[in-house]
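1. Pasting the sequence and the predicted coordinates here, then a few questions.
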Amino acid sequence: MPDDQPPYVEEAMSAAAHVECERGRWIVYLDVVLASGAVRRKVGDFPKQSQAEQAGRIIERNARRFIRRP
């Protein structure tokens, strides 16, 4: 396989951001559903819940922009 080919990237079917409190910090996770399964990634942590929720809304909105609609 030649090295000049880009890696295979699977398209997302849905994305959702979730905010959870862990050890006094507010963590933003992005959950993405793919055809082959689901993945969860930590995308940020914040000292205040309001900051984490705002970041989660922005991240989720931007992730959903790239999901194709039927």
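-> Done, it's in.
2. who's in contact with residue 10?
-> With contact set as C-beta atoms under 8 Å, 6 or more residues apart in numbering, residue 10 has these partners: 34-36. C-beta coordinates here come from the backbone N, C-alpha and C atoms, glycine included.
3. Specify the beta-bridge partners of the residue positioned nearest the centre of the chain.
-> Nearest to the mean C-alpha position of the chain, counting by C-alpha atoms, centre = their mean, stands residue 30 at 2.8 Å. With DSSP bridges as the criterion, residue 30 is bridged to residue 17, residue 41.
4. thinking again about what came up before, restricted to strands, list the contacts of residue 10.
-> residue 34 (DSSP state E).
5. out of the contacts of residue 10, which is most surrounded?
-> residue 34 (12 neighbours; other C-beta atoms under 10 Å).
6. follow-up on the earlier one: out of the contacts of residue 10, the closest to residue 66 would be?
-> residue 34 (12.8 Å; C-beta to C-beta).
7. That closest one against residue 9, yeah?
-> No: counting by C-beta atoms under 8 Å, residue 34 does not reach residue 9; the two are 10.0 Å apart.
8. how about the strands in this structure?
-> 12-22, 25-34, 37-46.
9. just those: most buried one?
-> Most buried of the strands of the chain, by mean neighbour count (mean count of other C-beta atoms under 10 Å): strand 25-34, with a mean of 17.
10. Go ahead and name everything in contact with that strand.
-> Applying C-beta under 8 Å, 6+ apart, the external contacts of strand 25-34 come out as 10-21, 38-49, 51-53, 55-56, 59-60, 63.
11. That concludes my questions; thank you for your assistance.
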